[in-house]
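>>> kindly return the folded structure for what I paste below:
(one chain, ligands or ions: 2)
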Amino acid sequence: MERPPGIDRILRFEEALAVVLRQAQASPSPEAVETVALSNARGRVLARAVVADRDQPPFDRATRDGYAVRAADMGGAALGALRVVGSLRAGETWKSPPLRAGEAIEIMTGAGLPAGADAVVMVEDTAPENGGLRWQRMLRVGENVVPRGAETRAGSVVLARGTLLEGAEIGVAASCGQVELEVFARPRVAIAATGDELVELDEPMQSAQIRNSNSYALAALVESSGGVAERLAIARDCVEDLRARIIEGFQADLLLFSGGVSMGKYDLVEQALAEFGAEFFFTGALIQPGKPIVFGRLPRPDGLHPKGWTYFFGLPGNPVSAQVCFHLFVAPMLRARCGRVEVAPLFVEARLGESVQGGSRVTRFLPARVSGAWDGVKVRLVGWQGSGDVVANARGDGYAVLPAGEEAFAAGETVRVLLR
Ligand code: AMP
Ligand code: MG
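Ligands and ions are numbered 1, 2, ... in the order given. Purely as a prediction, here's the structure:
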């Protein structure tokens, strides 16, 4: 069958990514919000900012074990030892009279500075002498002390709306006494594999058939990016099946097709989407693997809540292509549908562990393994048989990015790596 006219739009990689990021940023933040216990909040995205309930630190905090002193007493002139008049542990408040000239109070890390003291001398810089204390260096006012409120003021935002909650953020929420958090509902992502050759895992298989592994891989990637995956039934390469999947997909926040977007006679996904009034942002990108990638949105039918648009991706059927396109394009859009503010894919720079031939007219994303070393990150390509090679793909932990146009890449040269 003919491809629908007017939808051939093949972009360079940078352009395609910019289009996705623009749509991701422009798409409305999720409407549905829910309350979760702090202990179940990891991986969720804040829908309401967390505000500090008190100054942090709540008192002038000692950052070292040592002695609370008056810095003026530690000058070179006062050679006599300081008199130690007490001891203060973290969690205790100094209730005795303020520290006076010539006095020191033993203090532990995390305790509040007693009144009258203005610095802490580290225990390592002192020595006991005649029941008192001798020191080895002068001290500035405020040394080894974080003043009250220096980290955060009561009432200020410590975690913004749109923040992904991982360990560090959970720690901040806990420090503010938040036992529950308001987070965005997880976006639902419908996944429709297409192909006459596909069989489900529990079905008998002929030798020419292929297991539908993409639906599982994509569902796992969706879940680890914060979405709820819904695997739809396999669509055969016919418009009727594709129509049925699109109608089911309208209910989701994001619709993913795999397969059926190349130039073959049975690649009908774009045609079926066009029938529903799809707007196509691009129908291909100059990348390898993944060139047939399609991105667009469907106007939701009347009567559907919420009205508006359902974004979709048509991913190439080849499993490595589908996964590369997921990391490059789907994940940013999905992060936006999760309510996140930071959505762009993460690239790091690494030195190539080997020389690689160039001369390609497309940007290549080759399965690779990154190894960290003290003197720099290294990346080695995983030998592969092309975009069907799921096993090689799984041996990598990212993709080395080899830009279009360059003739060759030398060992030791710095390249970007897409981490997954
Ligand atoms: P297509 O993009 O539809 O031309 O698919 C390209 C190739 O990818 C097919 O010939 C299959 O070998 C493979 N493929 C397509 N869909 C899947 C799938 N759901 N799971 C695993 N492999 C697939
Ligand atoms: Mg196909």
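>>> show me where pLDDT drops low in the protein?
In the prediction, the chain carries residues with pLDDT under 70 at positions 1-7, 76-80.
>>> would you map out the domains in it?
Listed by automatic domain parsing, the domain ranges of the chain are 10-32+186-338, 36-54+155-184, 61-146, 347-419.
>>> wait, which of the ones you listed is closest to ligand 1?
Smallest distance to ligand 1 across those (CB to the nearest ligand atom): 2.3 Å, for domain 10-32+186-338. C-betas here are computed from N, CA, C, even on glycine.
>>> would you work out how far apart the start and end of the closest one are?
Terminal residues of domain 10-32+186-338 are spaced 28 Å apart (CA to CA, to the nearest Å).
>>> do stretch 380-387 as well
18 Å.
>>> so what touches that stretch?
Surrounding stretch 380-387, the residues in contact under the criterion CB atoms under 8 Å, 6 or more residues apart in numbering are 289-290, 316, 318-321, 352-354, 356, 366-369, 371, 392-393, 395-396, 400.
>>> tally of neighbours for Lys265?
Lys265: 8 surrounding residues under other CB atoms under 10 Å.
>>> how much space between it and ligand 2?
10 Å (CB to the ion, to the nearest Å).
>>> now the residue in the stretch 301-420 of the chain that ligand 2 sits nearest to: how far from Met205?
Using CB to the ion, Gly317 is the residue of the stretch 301-420 of the chain that sits closest to ligand 2, at 4.7 Å. Using CB to CB, to the nearest Å, one gets 17 Å for the distance from Gly317 to Met205.
>>> so which residues on the stretch 251-400 of the chain come close to ligand 1?
Among all residues of the stretch 251-400 of the chain, those adjacent to ligand 1 (criterion: CB under 6 Å from any ligand atom) are Ser258, Gly259, Gly260, Ser262, Gly264, Pro316, Gly317, Asn318, Pro319, Gly388.
>>> need those residues in CSV with neighbour count, secondary structure and distance to Pro98, can you?
CSV is the format used below for these (neighbours: other CB atoms under 10 Å; DSSP: H, G, I helix; E, B strand; the rest coil; distance: CB to CB, whole Å):
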residue, neighbour count, secondary structure, distance to Pro98
Ser258, 31, strand, 72
Gly259, 30, coil, 76
Gly260, 28, coil, 78
Ser262, 17, coil, 79
Gly264, 12, coil, 84
Pro316, 27, coil, 73
Gly317, 26, coil, 76
Asn318, 22, coil, 74
Pro319, 22, helix, 71
Gly388, 16, coil, 76
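>>> pick out the most distant pair among the residues you listed.
Between any two of those, the greatest separation by CB to CB is 17.1 Å, found for Gly264 and Pro319.
>>> how about the nearest residue to the residue of the stretch 251-400 of the chain at minimum distance from ligand 2, chain neighbours excluded?
Closest residue of the stretch 251-400 of the chain to ligand 2, CB to the ion: Gly259 (3.8 Å). If you skip the residues right next to it in sequence, Gly259 has Gly317 as its closest partner in space, 3.1 Å away by CB to CB, 6 or more residues apart in numbering.
>>> related to what we said a few turns ago, I'd say the residue of the stretch 251-400 of the chain closest to ligand 2 and Gly195 touch.
Yes: contact status for Gly259 versus Gly195: in contact at 4.6 Å, counting by CB atoms under 8 Å.
>>> check contacts around whichever residue of the stretch 51-200 of the chain sits closest to ligand 2.
Relative to ligand 2, the nearest point of the stretch 51-200 of the chain is Gly195 (4.0 Å; CB to the ion). When the contact criterion is CB under 8 Å, 6+ apart, the partners of Gly195 are Ile210, Asn212, Ile234, Ala235, Arg236, Asp237, Gly259, Gly260, Gly317.
>>> the residue lying closest to Thr93 once chain neighbours are set aside: how many residues sit nearby?
For Thr93, the nearest residue in space outside its immediate sequence neighbours is Gly112; the separation is 6.5 Å by CB to CB, 6+ apart. Using other CB under 10 Å, Gly112 is surrounded by 22 other residues.
>>> and stretch 382-389, end to end?
As for stretch 382-389, its first-to-last residue distance stands at 11 Å under the measure CA to CA.
>>> would you mark the buried spots in that stretch?
Neighbour-count burial for stretch 382-389, with 16 or more other CB atoms under 10 Å as criterion, is recorded at Val382, Trp384, Ser387, Gly388, Asp389.
>>> look through this structure and report the residue furthest from the middle.
The outermost residue of the chain relative to its centre, with distances by CA atoms, centre = their mean, is Asn130 at 57.7 Å.
>>> wait, it touches Leu82, no?
No: in this structure, Asn130 is not within contact of Leu82 by CB under 8 Å, at 11.0 Å.
>>> perfect, that will be all.
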